[in-house]
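Participant: model the structure of this input:
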Amino acid sequence: MGNVFSYFAPTRIFYGKGALKNLEEYSQVWKRPLLVTFKELIDFDFFQKIIKILKSSTKTDPIIFSEVKENPSSELIMSGADVANYNDVDVVIGIGGGSAIDSAKGIAIMKNNKGDILDYCFDPKLGRLRTEITSNILPIIAIPTTAGTGSEVTWGGVISNPKNKIKEVFVSPDVAPSLALVDPALTVSLPSSITIYTGIDALTQCIESFISKNHHPISDTLALEGIKRASSLPLVIKNPDDLEARLNMSISATLSGMAMINTGVGAAHALAMVLGGQYNIPHGLAISLVLREVLKYNFGAIDETRLSLLVGAWTDRSFKSGSSARDWFINNIERLLDDLGVNTRLNEFGIEQSELRKIASLACQHFDMVPNPRTPTVEDIIGLLEKIL
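Facilitator: Numbers count the residues shown, from 1 in each chain. This is a model prediction of the structure:
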């Protein structure tokens, strides 16, 4: 780590039960909002409350684009951009998990820009975005209903390319949401499986930011606090109505986004991107699949003193002086995954041994692999994948 580091966090965030009420103040200047969401959310009381607030502020019905799906494709983004252009919207509000908020970001880019959203994504051969994202982006508002991706505070998004089944990334400070309303009450109705997988995603983003080649004191502080709060995940599963535990998970997700967007992530996310793109495995589930083995691989490159900080962030106080921080932390992560019933294997998605080389090769080339603390070979990743096949 060099002597000079950079940190950037442009999003105003309102936390806590009732955070939605702050939409009233900010929506006074909007004329035609576009809500980007999943069909399944429209009938929820909180969604109808959002519509009521916007109708009161703008004196018109908001436009709703409810075609969002897990692992949103470039085609979905362009369809949403058509809706945005046809209705001449002036703000885009993402309501849902990372897929909805990333879709909102993509639509906000394409409302006033030419071409396809893929034209604005990172090209590994060029080592940069194919086309820089520079201007004419609509304001973006994020209302997360999951506690996982931290997309409400990041200035990037993930889009699936339907032609090659690769999940591509766009990044620009201009796509950071200007406002995030984080209300843990909106996560209460989530199925336990989504709560688990999004929570593990938040935890993993914190861990990967902390061990990233690009980590620095500010990102470390955010990541460690995010890890501490993510230890509330079992409490949320045990008692879904525990709003204090849910607030901890929501804060963990936001902190994970604030940390990792400044440092990057690593091998777990690179592999999850490939598994999501090639096999349409939901992101949090894909992270859960690979996390154990990725930590075992990566922790070999991290010294015990630094790993002891991870131990200190975990709420379990069973660590004994003289023990291996590496082994203790990995064992606790494995225990967490086992207690949550996360024991899925690659073959359950029809993945065979013959496909592992392609998965490994794509992961090694992915944008998310760049800051990984170790630079793996394709053979390294194949060996890792074989353990979870």
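Participant: quick one: neighbours of residue 352, just the number.
Facilitator: Counted with other Cβ atoms under 10 Å, residues neighbouring residue 352 total 9. The C-beta positions use only the backbone N, C-alpha and C, and glycine is treated the same way.
Participant: before we move on, what about residue 324?
Facilitator: Taking other Cβ under 10 Å as the definition, residue 324 ends up with a neighbour count of 15.
Participant: list the contacts for it?
Facilitator: With contact taken as Cβ atoms under 8 Å, 6 or more residues apart in numbering, residue 324 is in contact with residue 304.
Participant: offset the numbering so it begins at 24, please.
Facilitator: With the count now opening at 24, the last piece we talked about shows up as residue 347.
Participant: list phi and psi for it.
Facilitator: Residue 347 adopts backbone torsions of phi -80, psi 120, taken as degrees, to the nearest 10.
Participant: ok, it to residue 354 distance?
Facilitator: 9 Å (Cβ to Cβ, to the nearest Å).
Participant: show me the helices in the stretch 274-412 of the chain, by range?
Facilitator: 290-302, 306-321, 327-336, 348-362, 379-388, 401-409 (DSSP state H, counting those that start in this stretch).
Participant: could you chop the protein up by domain?
Facilitator: Using automatic domain parsing, the domains assigned to the chain come out as 35-209, 214-409.
Participant: what are the boundaries of the helices in the stretch 24-173 of the chain?
Facilitator: Ranges of helices in the stretch 24-173 of the chain, per DSSP H, counting those that start in this stretch, are 46-49, 68-81, 97-109, 121-133.
Participant: residue 26: which of the domains of the chain is closest?
Facilitator: With Cβ to Cβ as the measure, domain 214-409 is the member of the domains of the chain nearest residue 26 (10.2 Å).
Participant: can you tell me the distance between the two ends of the closest one?
Facilitator: This stretch, domain 214-409, spans 30 Å end to end (Cα to Cα, to the nearest Å).
Participant: how far does stretch 133-150 stretch from one end to the other?
Facilitator: Distance between the two ends of stretch 133-150: 22 Å, counting by Cα to Cα.
Participant: now it: buried residues?
Facilitator: By neighbour count on 16 or more other Cβ atoms under 10 Å, the buried set for stretch 133-150 is 133-134, 136, 139-145.
Participant: show me which pair in those residues is furthest apart.
Facilitator: Using Cβ to Cβ, the buried residues of stretch 133-150 reach their maximum pairwise distance at 134 and 145, which is 20.9 Å.
Participant: residue 61 against residue 126, yeah?
Facilitator: No - with contact defined as Cβ atoms under 8 Å, residue 61 does not count as touching residue 126 (9.7 Å).
Participant: hey, what's in contact with both of these two?
Facilitator: Common contact partners of residue 61 and residue 126 (Cβ under 8 Å, 6+ apart): residue 91.
Participant: show me which of these two is the more surrounded one.
Facilitator: Comparing residue 61 with residue 126 by other Cβ under 10 Å, the one with more neighbours is residue 126, at 31 against 19.
Participant: pretty sure residue 303 contacts residue 92?
Facilitator: No - if you go by Cβ under 8 Å, residue 303 and residue 92 don't touch, sitting 9.4 Å apart.
Participant: can you give me the angle the helix or strand hosting residue 216 makes with helix 290-302?
Facilitator: Under the criterion DSSP states H and E, the helix or strand holding residue 216 is helix 215-234. Angle of helix 215-234 versus helix 290-302, following axes from the mean of the first three to the mean of the last three Cα atoms, to 10 degrees, is 130 degrees.
Participant: for helix 215-234, packing partners?
Facilitator: On a contact count with 3 or more Cβ pairs under 8 Å, 6 or more residues apart in numbering; DSSP states H and E, helix 215-234 meets helix 240-253, helix 256-261, helix 266-286, helix 290-302, helix 306-321, helix 327-336.
Participant: just give me how far it sits from the chain centre.
Facilitator: Relative to the centre of its chain, helix 215-234 is centred 8 Å away, using Cα atoms, centre = their mean, to the nearest Å.
Participant: list the buried residues for that helix?
Facilitator: 217-234.
Participant: swap in stretch 375-387?
Facilitator: For stretch 375-387, burial by neighbour count (16+ other Cβ under 10 Å) applies to 379, 382-383, 385-387.
Participant: what about residue 43, how many residues nearby?
Facilitator: When neighbours are defined as other Cβ under 10 Å, residue 43 has 18 of them.
Participant: state the pLDDT value of it.
Facilitator: What the model reports for residue 43 is a pLDDT of 94.
Participant: ditto for residue 147
Facilitator: Looking at residue 147, its pLDDT reads 82.
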